[in-house]
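S.K.: this one's sequence-less:
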């Protein structure tokens, strides 16, 4: 009985740490606006929404990889999947939880859009370097 309690407490603590870490990752990109290039490519008008995440990730797969973004994008992707499960599982029970999950999904989409903007800028730099040579 005690072992089950310790396991449950440890898993809950790990989940809380995971959510806090992911929120800090996505919050770091909220101060960066989505570039005009990304808006043109993705069709995002004013603000990214949770439904934009899949489209932005598909476009990100087409761009050359930036190693410094790889792990954070994977973690945010796992967080996005967790939020989808949370929204589907508890949406009927708590409307406020559904609202919170949708806001978090939107911040994941914004994070991915900012990463896409960095990749587009990197591609332009690489192209400019190739033209100079």
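M.R.: On my side now, so go ahead. Predicted model only: the values in this text are computed from it and were never measured.
S.K.: CA only for contacts and neighbour counts going forward, please
M.R.: Will do.
S.K.: In contact with the residue nearest to residue 49 when sequence neighbours are not counted, which residues are there?
M.R.: In this structure, residue 49 finds its nearest non-sequential neighbour in residue 106, 4.3 Å apart by Cα to Cα, 6 or more residues apart in numbering. Applying Cα atoms under 8 Å, 6 or more residues apart in numbering to residue 106 gives the contacts 48-53.
S.K.: separation between residue 106 and residue 96?
M.R.: Relative to residue 96, residue 106 is positioned 15 Å away (Cα to Cα, to the nearest Å).
S.K.: which non-adjacent residue is nearest the most centrally placed residue in the chain?
M.R.: For the chain, the residue whose C-alpha lies nearest the mean C-alpha position (Cα atoms, centre = their mean) is residue 108; its distance is 2.8 Å. Take residue 108 and drop its neighbours on the chain: the residue closest to it by Cα to Cα, 6+ apart is residue 26, 6.0 Å away.
S.K.: What of residue 42?
M.R.: On the basis of Cα to Cα, 6+ apart, the spatially nearest residue to residue 42 that is not a chain neighbour turns out to be residue 56, at 6.4 Å.
S.K.: And for residue 87?
M.R.: Closest residue to residue 87 in three dimensions, ignoring its sequence neighbours and counting by Cα to Cα, 6+ apart: residue 98, at 5.4 Å.
S.K.: Secondary structure element holding that neighbour?
M.R.: Element membership for residue 98 (DSSP states H and E) is helix 95-132.
S.K.: Which residues does the lowest-mean-pLDDT helix or strand in the chain contact?
M.R.: Using mean pLDDT, DSSP states H and E, the weakest-scoring helix or strand in the chain turns out to be helix 36-42, at a mean of 80. Contacting residues not belonging to helix 36-42 are listed as 44-45, 52, 55-56, 59, 113, 116-117, 120 [Cα under 8 Å, 6+ apart].
S.K.: switch to 7 Å and redo it
M.R.: Applying Cα atoms under 7 Å, 6 or more residues apart in numbering, the external contacts of helix 36-42 come out as 45, 55-56, 113, 116-117.
S.K.: Thank you kindly, that will do.
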